[in-house]
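[1] Give me a 3D structure for the following:
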Amino acid sequence: MIPMTIEEIAKSISAQIKNLDSNVKVTGKVVIDSRKVSKGDLFVAINGENVNGHDFCEAAIKQGAVAVIAAKEITGVPTLLVSNGNLDSKDVDQPTVIALGKLATYLLTKLPDLWKVAVTGSSGKTTTKDLLADLGKLIGPTVAPTGSFNNEIGLPQTVLECDENTRVLVLEMGARRAGNIRHLCEIAKPDTSILLNIGTAHAGIFTSVEKILETKIEIIQCLTSVDVAILNHEDVTFPKQKTSAQVVTFGLSGSDVSAKNVILNEQAQAQYDLEYLGKTSQVKLKIVGAHQVSNSLAAAAAFLKKGIDIELVAQTLSNSIAKSKWRMQIEVSKKNVTVINDAYNANPESMKSAIRTLKQIGVGKNTYAILGEMLELGELSLLKHQDVAELIQKLEIQNTIIIGSGAKSIYDFLSNNGYKGKLHFVENVEKGIAKAKEMIQPSDVVLVKASRSIGLERVANAIVSDFSENLTNTNNQEVGP
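    Model (predicted):
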């Protein structure tokens, strides 16, 4: 963050200064975890589901924080006191979260030449964000979130990492309800927005694909006529994606930015000819899965429209590697078991893509689909899980282990429709690990995938470690489709 005085920060977030000299400067970062505070930082006390940041304000000051942003005055603690919002909330309408967003917006007014690129979609947004971050380096110092900091808390934190040297800001935007993305756009005011796709992820929250579309297109509705919208020409909702911005389309054909002569190698890594304005350059992706062609085209489109040479864009995409864990992460154990760890999240579209990747990588080998529930599908849940089962049967995946009652419909469909592979259902992750240990042999290829809260990364980690240990996880700030 750019160093700012307490007075300047207070004005930007409408705060009262308590126990603090207004001329003191914040020279460090803006932090919401008191354990990560360093000298010169500003601590924001957020009331969460499990802990209340206000309980750690004194600890943050002792760690070296200059001050805290808080919704209540704490005796003797240097405080920027905010009250705009719901004082009793644990959600994003609480005063300190609102203040965090205001501070991010204010910082951006001090960086008028910063290029801001935002991305959303029902699937693929984190991978695309990582590709954008690599491409950003072609222009200059780039700030992008680590993991999936894509909500009203995570996005402002990413913004506040920018300083006078930053040239490109990449932002991921998720949503749990209508209006979330609009609010994130009000904070960041992107210059270029990417809408990857509209799928059935979180249909249980939004009730229909139409409602998901209404929420997602907020990312392009906020744009002006001088801004740029990057849209998927092959998405079925494309004709409904209206915006005032300049539109650049991407897709396999009939688009401004396209991929021709797509080939997948034995590791399911795509090679294709990137085409734009009559120019062509070959891309050889290191990231895994045929669906990454679309993600990489979206990222390429933003930078090609910006005027970056197509050869540089293609070369950068070809050198980019996966950065976010548990997303099509390929690991090989000492016993030569290949694990496709895609356990970070799951929706019908990404689940099918992962199964197709398993088939591609597992040619000539023994394949396993170890799957858990896809959450938040509402009334579509049974149908979408059955669709996954149908694809497993069609692609002749040899072994399927279903974990948890929420995914049992996959097991039921396969058992009732003549599935010829080995099929097992277990109640929980521990039993899933035990069944995997019993069945998996050297040289097998295994896909592990489910929605985030199911915790199947423990299964993937157990297999990779040849069942010597079961590792746990930490949560990122990610929301919605």
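[2] in stretch 10-28, what counts as buried?
    10, 12-13, 15, 17-18, 20, 26, 28 (16 or more other Cβ atoms under 10 Å). (Each C-beta comes from the backbone N, C-alpha and C, glycine too.)
[3] Same check on stretch 58-72?
    Buried, per 16+ other Cβ under 10 Å, within stretch 58-72: 58, 60-61, 63, 65-72.
[4] what separates the residue nearest the centre of the chain from Asn295, distance-wise?
    By Cα atoms, centre = their mean, the chain has its centre lying nearest to Thr126, at 3.3 Å. Look at Thr126 and Asn295: by Cβ to Cβ, to the nearest Å, they are 9 Å apart.
[5] Near Ile321, how many other residues are there?
    9 (other Cβ atoms under 10 Å).
[6] how far away is it from Lys286?
    From Ile321 to Lys286 the distance is 5 Å (Cβ to Cβ).
[7] Could you break this protein into its assigned domains?
    Following automatic domain parsing, one gets these domains for the chain: 4-100, 111-319, 329-464.
[8] Let's have the ones you listed in a markdown table, adding mean pLDDT.
    Formatted as a markdown table, the domains of the chain follow (pLDDT from 0 to 100):
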| stretch | mean pLDDT |
| --- | --- |
| domain 4-100 | 96 |
| domain 111-319 | 94 |
| domain 329-464 | 95 |
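[9] about what we covered before: could you name the helices and strands sitting against the helix or strand harbouring the residue nearest to the centre of the chain?
    Element membership for Thr126 (DSSP states H and E) is helix 125-136. Judged by 3 or more Cβ pairs under 8 Å, 6 or more residues apart in numbering; DSSP states H and E, the packing partners of helix 125-136 are strand 115-120, strand 168-172, helix 292-306, helix 310-319.
[10] burial of the closest residue to Gly28 other than its chain neighbours, as a residue count?
    Nearest residue to Gly28 in three dimensions, chain neighbours excluded: Gly40, at 3.4 Å (Cβ to Cβ, 6 or more residues apart in numbering). Gly40 is flanked by 15 other residues according to other Cβ under 10 Å.
[11] ditto for Asn265
    The burial count for Asn265: 12, using other Cβ under 10 Å.
[12] one step back: who's in contact with the next helix or strand after the helix holding Thr126?
    Downstream of helix 125-136, the next assigned helix or strand under DSSP H and E is strand 142-143. Strand 142-143 is contacted by residues 133, 136, 158-159, 161-162, 166-170 when judged by Cβ atoms under 8 Å, 6 or more residues apart in numbering.
[13] Pick the one among these closest to Ala300.
    Ala300 has its nearest neighbour among the contacts of strand 142-143 in Gly136, at 12.6 Å by Cβ to Cβ.
[14] So the closest one is in contact with Val170, correct?
    Yes - assessed by Cβ atoms under 8 Å, Gly136 is found in contact with Val170 at 6.1 Å.
[15] Identify the contacts common to the two.
    Listed as contacting both Gly136 and Val170 by Cβ under 8 Å, 6+ apart are 117, 142, 144.
[16] what about the last one, neighbour count?
    Other residues within reach of Ala144, judged by other Cβ under 10 Å, total 21.
[17] so what's it up against?
    Ala144 is in contact with 129-130, 132-133, 136, 158, 169-171, counting by Cβ under 8 Å, 6+ apart.
[18] What is the most widely separated pair among those?
    Asp130 and Leu169 (14.5 Å).
[19] Would you mind confirming that Ala302 makes contact with Ile230?
    Yes - judged on Cβ under 8 Å, Ala302 makes contact with Ile230 at a distance of 5.5 Å.
[20] Can you work out which residues contact both of these two?
    Residues within reach of Ala302 and of Ile230 at once, by Cβ under 8 Å, 6+ apart, are 192, 194, 248.
[21] before we move on, which element is the last one in?
    So that's Val248. Using DSSP H and E, Val248 falls in strand 246-251.
[22] so what does that strand touch, helix or strand wise?
    strand 228-232, strand 257-264, helix 292-306.
[23] burial count for Val236?
    12.
[24] got the contact list for the helix holding Thr126?
    117, 119, 121, 142, 144-145, 147-148, 150, 167-168, 170-174, 194, 196, 287, 292, 295-296, 298-300, 302-303, 308, 313, 316-317, 319-320, 322-324, 327-328, 344, 478.
[25] try it again with 6 Å
    Under the criterion Cβ atoms under 6 Å, 6 or more residues apart in numbering, residues 117, 119, 142, 144, 148, 168, 170, 172, 295-296, 298-299, 303, 316, 320, 323-324 lie in contact with helix 125-136.
[26] Next, the contact list for Val14, please.
    Just so we're on the same page, residue 14 is Ser rather than Val. By Cβ under 6 Å, 6+ apart, the neighbours of Ser14 are Asn84.
[27] quick revisit: Gly136 and Val170: who's more crowded?
    More crowded of Gly136 and Val170, by other Cβ under 10 Å: Val170, with 28 against 25.
[28] so the more buried one sits right up against Val117, yeah?
    Yes - counting by Cβ atoms under 6 Å, Val117 is a contact partner of Val170 at 5.2 Å.
[29] ok so, going back, arrange the helices and strands packed on strand 246-251 in TSV, one row each, with distance to Lys422 as further columns.
    What follows is the helices and strands packed on strand 246-251, written out as TSV (distance: least, Cβ to Cβ, whole Å):
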stretch	distance to Lys422
strand 228-232	38
strand 257-264	26
helix 292-306	30
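[30] The helix or strand encompassing Ile401 pairs with which strands?
    Ile401 belongs to strand 399-403 when assigned by DSSP H and E. Within its sheet, and counting by DSSP bridges, strand 399-403 is paired with strand 367-371 (parallel), strand 422-426 (parallel).
[31] Can you tell me which of these is packed in deepest?
    Each of these was scored by mean neighbour count; the highest is strand 367-371, a mean of 28, by mean count of other Cβ atoms under 10 Å.
[32] And for the nearest residue to Lys420 once chain neighbours are set aside, the neighbour number?
    Once flanking residues are discounted, Lys420 sits nearest to Glu396: 7.4 Å by Cβ to Cβ, 6+ apart. For Glu396, the tally of surrounding residues (other Cβ under 10 Å) stands at 11.
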